[in-house]
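Engineer: the following comprises the amino acid sequence and a computationally predicted model.
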Amino acid sequence: MNLNEATRAFIRAHTTDDVRQLALRGTKDPQVDLPFALQQIEGRQKAQAKLPEHFAQEDILYPATQSMEQCSSAITADYKATLIEGTSLADLSGGFGVDTFAFARHFRHCTYIEPQPELCDIVCHNATVFGLDNIEILQGTMEEQMGNIGQVDWLYVDPSRRDSHGRRVVTLEACTPDLTQCLPLLHAHARKGVLAKLSPLIDLGGTLRRLPETAEIHVVAVNGECKEVLFLLRFEGKTHNTPKIQAVNFVQGQPRAFAFTLEEEAAAKPVLATNPGTCLYEPNAAILKAGAFKCLATRFGIQKLHPHSHLYTSDTLLPDFPGRTFSIMEQIPFGKRAATAVAAITDRANVAVRNFPLTAEELKAKLKLKDGGDVYLFGTTLSGGDKTLLLCKRMP
């Protein structure tokens with residue numbers, strides 16, 4: 001890392017420029033460390049929305065692109081730090097250190113473990129910039145460094161979700177480390193428990209069976225996109241009832257949570273709609289991932305279109321529904337005349353399908369629709385089995 005004044009000036013002068021174009025143009029100043037400067041410019045550009053505190057500090061250093069893509073956002077890191085409490089924590093998969101920094105603001109002492117020397121150097125530098133003097137940095141793998149951390153209140157682990165060929169993996173067994181195999185080691189070093197960040201695609205039920213000490217599951221979405229699935233394992237007491245599941249969606253930085261249990265979901269008996277009412281509801285991504293399909297309907301007193309459609313309806317508007325709300329303009333049976341009927345209303349729409357025989361792209365092509373506009377079209381199945389198209393307007 002060569003952050004001399006010439007390199008710093010180059011970064012400052014080109015902070016909003018296209019990195020690929022900068023790489024092609026290069027620089028005539030031999031004092032500029034161009035590869036390092038390009039890495040910093042790209043990092044700052046990614047941090048502007050994802051890590052605003054980092055972006056606000058000119059002296060922050062950034063790692064290579066992959067580490068920036070894999071790191072938590074500031075919103076999700078801060079959320080994780082509110083889930084557990086104690087005096088000491090070890091982050092076993094340090095990376096760019098975003099999560100470590102968030103925990104360090106809540107714990108008296110944090111240990112950061114990371115095998116890559118460059119990342120350790122960057123995190124050490126950035127911790128100084130942020131004035132975080134309660135972070136101990138250990139270079140090495142989790143297995144190499146566990147003996148050096150002794151016992152802490154909490155362990156945080158974000159297993160690598162790529163195999164030896166760089167391909168994405170999802171299951172616990174395919175990730176590194178495999179939590180199902182290293183639980184005894186984690187038990188030996190954590191007094192209170194473990195917080196694990198897992199793939200947003202992971203099967204919640206199957207994972208729960210493999211991690212029986214799970215006390216809470218947190219599914220976190222940001223602006224409608226599922227970002228993280230967190231399993232909180234508590235070792236104190238070691239016996240738990242059905243874990244609480246918290247589906248949290250952040251919109252413009254503000255969280256909206258829906259908490260339930262698997263027992264509540266299993267016992268819920270929602271009313272199925274004979275026909276859609278005037279309002280249509282689509283749950284947010286966190287609720288859909290968490291699987292609160294039936295208890296959502298009973299909790300809010302709304303009807304489900306079909307047991308497997310996961311769209312809901314009512315005749316009275318629910319202003320606080322945790323998801324998107326639509327006003328149904330038209331209901332069109334999905335048949336030979338559907339394209340003509342839709343064309344009489346609009347030539348473009350935002351198309352989505354729920355429990356429907358076609359994909360959204362296939363339905364859009366069949367109806368000869370362009371993308372966009374202010375009309376939303378849902379292809380779905382009603383409780384009687386009929387396929388239908390619902391043309392809607394988004395409600396604020």
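Structural biologist: Everything's here; your move.
Engineer: A292: what secondary structure?
Structural biologist: Under DSSP: H, G, I helix; E, B strand; the rest coil, the three-state class of A292 is coil.
Engineer: contacting residues for the residue lying closest to it once chain neighbours are set aside?
Structural biologist: Leaving out its chain neighbours, the residue that sits closest to A292 by CB to CB, 6 or more residues apart in numbering is F260, at 5.1 Å. (C-beta placed from N, C-alpha, C; glycine too.) F260 is in contact with K244, I245, A247, A290, A292, C295, R299, counting by CB atoms under 8 Å, 6 or more residues apart in numbering.
Engineer: swap in 7 Å and give it another go.
Structural biologist: Counting by CB atoms under 7 Å, 6 or more residues apart in numbering, F260 touches I245, A292, C295.
Engineer: of the residues you listed, closest to A64?
Structural biologist: Nearest to A64 among the contacts of F260: I245, at 35.2 Å, using CB to CB.
Engineer: CA atoms only: put the host helix or strand of that closest one into CSV for me.
Structural biologist: Using DSSP states H and E, I245 maps to strand 244-251. What follows is strand 244-251 as a C-alpha-only set of coordinates in CSV (Å, rounded to 0.1, in the frame of the first residue of the first chain):
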residue,chain,number,x,y,z
LYS,A,244,-38.4,-16.7,17.5
ILE,A,245,-38.1,-15.7,13.8
GLN,A,246,-37.7,-12.0,13.1
ALA,A,247,-38.3,-10.8,9.6
VAL,A,248,-36.9,-7.3,9.3
ASN,A,249,-37.1,-5.0,6.2
PHE,A,250,-35.2,-1.7,6.1
VAL,A,251,-36.8,1.0,4.0
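Engineer: next, the buried residues of the next helix or strand after it.
Structural biologist: Remark: after strand 244-251, the chain's next helix or strand is strand 254-261, criterion DSSP H and E. With burial defined by 16 or more other CB atoms under 10 Å, the residues of strand 254-261 counted as buried are P255, R256, F258, F260, T261.
Engineer: chain center to strand 254-261: distance?
Structural biologist: With CA atoms, centre = their mean, to the nearest Å as the basis, strand 254-261 stands 14 Å off its chain's centre.
Engineer: now swap in stretch 119-136 and tell me
Structural biologist: 25 Å.
Engineer: try stretch 375-390
Structural biologist: Remark: stretch 375-390 is offset 29 Å from the chain centroid, using CA atoms, centre = their mean.
Engineer: quick one: contacts of it?
Structural biologist: With CB under 7 Å, 6+ apart, stretch 375-390 has contacts from 272-274, 276, 280, 305-306, 309, 311, 326, 328, 331-334, 338, 342, 346, 349-358, 363, 391-394.
Engineer: which residue ranges form the helices in the stretch 201-350 of the chain?
Structural biologist: With DSSP state H, counting those that start in this stretch applied, the stretch 201-350 of the chain shows helices at 204-210, 262-267, 285-290, 294-300, 338-343, listed in chain order.
Engineer: for the stretch 101-250 of the chain, which spans come out with low pLDDT?
Structural biologist: Flagging of the stretch 101-250 of the chain using pLDDT under 70 yields the residue ranges 163-166, 237-241.
Engineer: quick one: residues contacting A273.
Structural biologist: Q303, K304, L305, T313, S383.
Engineer: if I look at the last one, how far off is L305?
Structural biologist: Translated: S383. Note on S383: its distance to L305, by CB to CB, to the nearest Å, is 7 Å.
Engineer: comparing the two, which residue is more hemmed in?
Structural biologist: Neighbours per residue (other CB atoms under 10 Å) separate S383 from L305, with L305 holding more: 25 against 16.
Engineer: from Q40, how far out is K370?
Structural biologist: As judged by CB to CB, K370 and Q40 stand 41 Å apart.
Engineer: next secondary structure element downstream of the longest helix along the chain?
Structural biologist: What stands out as the longest helix in the chain, according to DSSP state H, is helix 34-50. Once the chain leaves helix 34-50, the next helix or strand it forms, by DSSP H and E, is helix 52-56.
Engineer: from the contact counts, what lies against that next one?
Structural biologist: Helix 52-56 is packed against helix 34-50, with contacts defined by 3 or more CB pairs under 7 Å, 6 or more residues apart in numbering; DSSP states H and E.
Engineer: in the helix it packs on, what's buried?
Structural biologist: Within helix 34-50, the residues scored as buried using 16+ other CB under 10 Å are 34, 36-47, 50.
Engineer: follow-up on the earlier one: and the helices of the stretch 201-350 of the chain, which is most packed in?
Structural biologist: Highest mean neighbour count among the helices of the stretch 201-350 of the chain (mean count of other CB atoms under 10 Å): helix 285-290, with a mean of 24.
Engineer: give the other helices and strands that that helix contacts.
Structural biologist: Judged by 3+ CB pairs under 7 Å, 6+ apart, helix 285-290 is in contact with strand 214-222, strand 225-234, strand 244-251.
Engineer: can I get that helix in CSV, CA atoms only?
Structural biologist: Taking Å, rounded to 0.1, in the frame of the first residue of the first chain, the C-alpha atoms of helix 285-290 are listed here in CSV:
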residue,chain,number,x,y,z
ALA,A,285,-38.7,-10.1,0.9
ALA,A,286,-37.8,-10.8,4.6
ILE,A,287,-41.3,-12.2,5.4
LEU,A,288,-41.3,-14.3,2.2
LYS,A,289,-37.9,-15.8,3.1
ALA,A,290,-38.9,-16.3,6.7
